[in-house]
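Chemist: the following comprises the amino acid sequence and a computationally predicted model.
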Amino acid sequence: SRLGIALVGLGYYSTDLLAPALQLTKKCYLAGIVTGTPEKAERWKKQYKIPDKNIYNYQNFDQIANNPDIDVVYVVLPPSMHAEYTIRAAKAGKHVFCEKPMAMTVAECESMIKACRDNKVKLAIGYRCQHDPNTREYMRFAKEKTFGKVQMVACGAGYFDPRTDHWKQKKALGGGVMYDMGVYALQGARLATGEEPIAVTAQHFTTRPEIYKDVDETTLFQLQFPSGTVAACHTSFGINMNYLQANCEKGFFKMEPFSSYSGNQGISSQGTIQFPLANQQAKQMDDDAEVILANRSLLVPGEEGLRDIRIVEAIYQAARSGKQVKL
Ligand code: NAD
């Protein structure tokens, strides 16, 4: 059997990536939608043959509890809304897939984890890269110490965003590059070392102060790990970059790109890293659906989203104070 997924929030990511991927999945399918825009409901209903009974808006969303077609609610809203919709979905008895960043604060992440635990539903975070075999390969290097100890990591994730009036530029909606692209660089550093940072320093910059008044456009952050490994990371809405490099005692590995939807690849002192992957989002959703169907443990549970937000909070604090923040 296949799990029925309802997408909440039909913006760019749902429209361009998740709905097409759900046409390729084997363990789950697009069963329903939640949208505040009636025209979108009409368009999606026709395009994906979604029955009226599986179409909700933000007011009647909680009635999804009575709909046996929907097994999973996938929250694809601006980050300030992730906690509310995850908790409402959990209370409706639905499993939750929640997009990154998990939420704005550690407190929100903890309440999301608790709501899912209390309602006996699973919570997966949309860190698609962890499902990509190219990422799994460098995670293996870190775990098995293939090139000895990882000594230093450099990681950059950014793109030039031409928009001037979007939630990514508004603090109240969960904007800010550290929450948006910064979590990719943070994941890169954590996964390439296989360690959790113990201290951070950080600095904000902007190439366009007239647009980025409310939130950070470019953030540099440095992580210290228990073994002595250090990471220098950067993230930007003004600069295109996507790479990860790890220098190790007995070699190196580097990925470029490291967190794209497709084509992640790299090279190590042993040779190329290039595993084919037909569709990353389909792989992610099928992996998570399979786990739910078999009642096993998720690859990227809420606890993993929380780990990042704890560090993101420390990074913002470090940038504000100009001082090192210990974790
Ligand atoms: P988007 O702005 O294109 O879409 C957001 C949707 O939320 C829109 O349909 C909008 O109508 C709806 N919405 C409901 N209430 C809103 C409100 N009060 N203000 C603004 N919008 C509101 O954004 P997106 O790029 O699709 O991002 C949505 C989520 O998906 C974010 O959490 C983002 O980080 C995540 N995302 C993840 C990936 C990935 O690779 N995993 C890629 C892109 C986006």
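Modeler: All right, it came through fine. Since the model is a prediction, treat every value here as computed from it, not as a measurement. Residues are numbered from 1 along each chain as shown.

Chemist: please make it C-alpha for all contacts and neighbour counts, starting now.
Modeler: Noted.

Chemist: ok, and what's touching the top helix by length along the chain?
Modeler: Secondary structure of the chain per DSSP state H: the longest helix is helix 302-321. With contact meaning CA atoms under 8 Å, 6 or more residues apart in numbering, helix 302-321 is reached by 100-106, 109-110, 112-113, 123-125, 178-179, 183, 186-187, 200-204, 221, 324-327.

Chemist: same check on stretch 237-252?
Modeler: So stretch 237-252 is contacted by 147-161, 177, 188-189, 192, 206-208, 217-218, 253-260, 268-269 (CA under 8 Å, 6+ apart).

Chemist: quick one: mean pLDDT over that stretch.
Modeler: Stretch 237-252 shows a mean pLDDT of 98.

Chemist: just stretch 2-11 next, same as before
Modeler: In this model, stretch 2-11 has a mean pLDDT of 98.

Chemist: now for the nearest residue to residue 228 once chain neighbours are set aside, how many residues are close by?
Modeler: Excluding the flanking residues, the one nearest residue 228 by CA to CA, 6 or more residues apart in numbering is residue 151, at 7.6 Å. Using other CA atoms under 10 Å, the number of residues around residue 151 comes to 18.

Chemist: got it, and the one 3 residues further on?
Modeler: The local packing of residue 154 (other CA under 10 Å) involves 20 other residues.

Chemist: so for it, what's the pLDDT?
Modeler: Residue 154 is given a pLDDT of 98.

Chemist: that one bridge partners, please.
Modeler: For residue 154, the beta-bridge partners are residue 232, residue 245 (DSSP bridges).

Chemist: was I right to think it contacts residue 229?
Modeler: No: the criterion here is CA atoms under 8 Å, and residue 154 misses it with residue 229 at 11.2 Å.

Chemist: distance of residue 37 relative to residue 224?
Modeler: As judged by CA to CA, to the nearest Å, residue 37 and residue 224 stand 45 Å apart.

Chemist: the contacts of stretch 237-252, buried ones only, as a ChimeraX selection?
Modeler: In ChimeraX syntax, the buried subset of those is picked out as below (16 or more other CA atoms under 10 Å):
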select :147,149,150,151,152,153,154,155,156,157,158,177,188,189,192,206,217,218,253,254,255,256,257,258,259,260,268
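
Chemist: just the contacts of stretch 237-252: which are in strands?
Modeler: Secondary structure from DSSP state E places 150-158, 218, 253-255, 268 of the contacts of stretch 237-252 in strands.

Chemist: just to revisit the earlier point, more neighbours: which of residue 37 and residue 224?
Modeler: Taking neighbours as other CA under 10 Å, residue 37 and residue 224 compare with residue 224 leading, 20 against 12.

Chemist: quick check: closest non-adjacent residue to the more buried one.
Modeler: Nearest residue to residue 224, sequence neighbours excluded (CA to CA, 6+ apart): residue 230, at 4.7 Å.
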